[in-house]
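Student: Everything below, folded, please.
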Amino acid sequence: MYERHHVPPVPTGRFVLRLLKHAAFAFTIVALSLLIGIAGYMRTEGMTMLDAFLNAAMLLGGMGPVKTEGLSDQGKMFAGVFALYSGLVFIAVMSIMLAPVVHRVMHRFHWEETEGSGGQPDADD
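Tutor: Residues are numbered from 1 along each chain as shown. Model prediction:
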């Protein structure tokens, strides 16, 4: 997916495009997760779309649900499972967004190191 260590880092324009692709993928994951949360709250608690959106968005954002009083057993189970899922989505989205940046930083360090040694890869490669 990314350039190998012996290839120079991609130009800035291509790197920005790579970041945008990762951001679009991360946004898609968040949007689908939000739809799952909205549908779950509407089904288990009979909430309006706006209330379901608010609760799902707050859980995805890591702040917890707005409505906790008077939830049915089904609603409590959904909220708990969705909260666990939301934590994993947060980790996945952060990883997707940081991967190109971390790769570029590490690649630049490695590339500069091999450039300084006459362009030859290190012995441990």
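Student: Check the gap between the nearest residue to residue 67 once chain neighbours are set aside and residue 13 for me.
Tutor: In space, and not counting its chain neighbours, residue 67 is closest to residue 55: 5.9 Å by C-beta to C-beta, 6 or more residues apart in numbering. For the C-beta atoms, the positions are set from N, CA and C on the backbone; glycine is no exception. Using C-beta to C-beta, to the nearest Å, one obtains 41 Å as the distance from residue 55 to residue 13.
Student: And residue 51, by the same measure?
Tutor: Look at residue 51 and residue 13: by C-beta to C-beta, they are 44 Å apart.
Student: Show me which of those two is the more surrounded one.
Tutor: Neighbour comparison, residue 51 and residue 13: the larger count goes to residue 51, with 16 against 8 (by other C-beta atoms under 10 Å).
Student: The more buried one is in what secondary structure piece?
Tutor: helix 49-60 (DSSP states H and E).
Student: how many neighbours does residue 15 have?
Tutor: That count, for residue 15 with other C-beta under 10 Å as the rule, works out to 15.
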